[in-house]
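Return a 3D structure for these sequence lines:
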Amino acid sequence: MSQKVSTRPCRFASPSLLLMGMGMLVLLAAGCEDKALGRPCDLSVTAGQAQGAYNLSAPDCPSRICIKPVPQPDVVASLDTGPYCSVQCTSDNDCNGQIRDTNDPLDKRCAKGYTCGIPFGQGAACCLKLCVCRDFIGTDGLVTPDVCLSSSTTSCH
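Take a look at the predicted model:
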């Protein structure tokens, strides 16, 4: 049995269809941009274990936001999570980031994942919604600073 081979030349998609496909790929790639959420970073200040701090011009973070939230009161005193790159958010869906490699004892990244909330109630980061590592959050959840509540009569300064 013989097979018949087509002698028609190959046809490619029209240029406009190719451009549209390439445009869609660019949009998809932009949506998957690595924002480095959770990457270790330099606060440029020293903060004690019970203190919070931030650096809004951190060169090692694409967002320029490096934070170490204040641990909530019932968080274990042996918290060893270090400062990390964060991003502004509107919901928990914006907060998918790097987490700790449990096989590496030197890895100080977030172990429990991230949530969207307001970690600071003063200074330049006052009332900014940021992705916050759950390692710093207690059983009552992330407590929004009073100054950031809609019922507050004070404001950030």
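
And the residue nearest to residue 35 when sequence neighbours are not counted, how close does it get to residue 69?
Counting by C-beta to C-beta, 6 or more residues apart in numbering, residue 87 is the residue found nearest to residue 35 once chain neighbours are left out, at 4.9 Å. Glycine gets a C-beta too; all of them are placed from N, C-alpha and C. The gap separating residue 87 from residue 69 is 14 Å, by C-beta to C-beta, to the nearest Å.

same check, this time on residue 144
Separation of residue 144 from residue 69 (C-beta to C-beta): 12 Å.

quick one, which of these two is more surrounded?
Higher neighbour count among residue 144 and residue 69: residue 69, with 25 against 16, using other C-beta atoms under 10 Å.

Next, name the residue at the spatial heart of this protein.
Taking C-alpha atoms, centre = their mean as the criterion, residue 37 is the residue nearest the geometric centre of the chain, at 3.4 Å.

For stretch 53-66, which residues meet the burial criterion?
53-55, 58, 61, 63, 65-66 (16 or more other C-beta atoms under 10 Å).

Need the contact partners of stretch 150-157.
With C-beta atoms under 8 Å, 6 or more residues apart in numbering as the contact definition, stretch 150-157 has outside contacts at 121-123, 126-127, 146-148.

Start from the N-terminal end of this structure and give the helices.
Listed in chain order, the helices of the chain (DSSP state H) span 15-31.

where do the strands sit along it?
53-55, 65-68, 84-86, 114-117, 130-133 (DSSP state E).

which residues touch the closest residue to residue 116 other than its chain neighbours?
Closest residue in space to residue 116, ignoring its immediate chain neighbours: residue 89 at 3.9 Å, by C-beta to C-beta, 6+ apart. By C-beta under 8 Å, 6+ apart, residue 89 lies in contact with 95, 116, 129-131.
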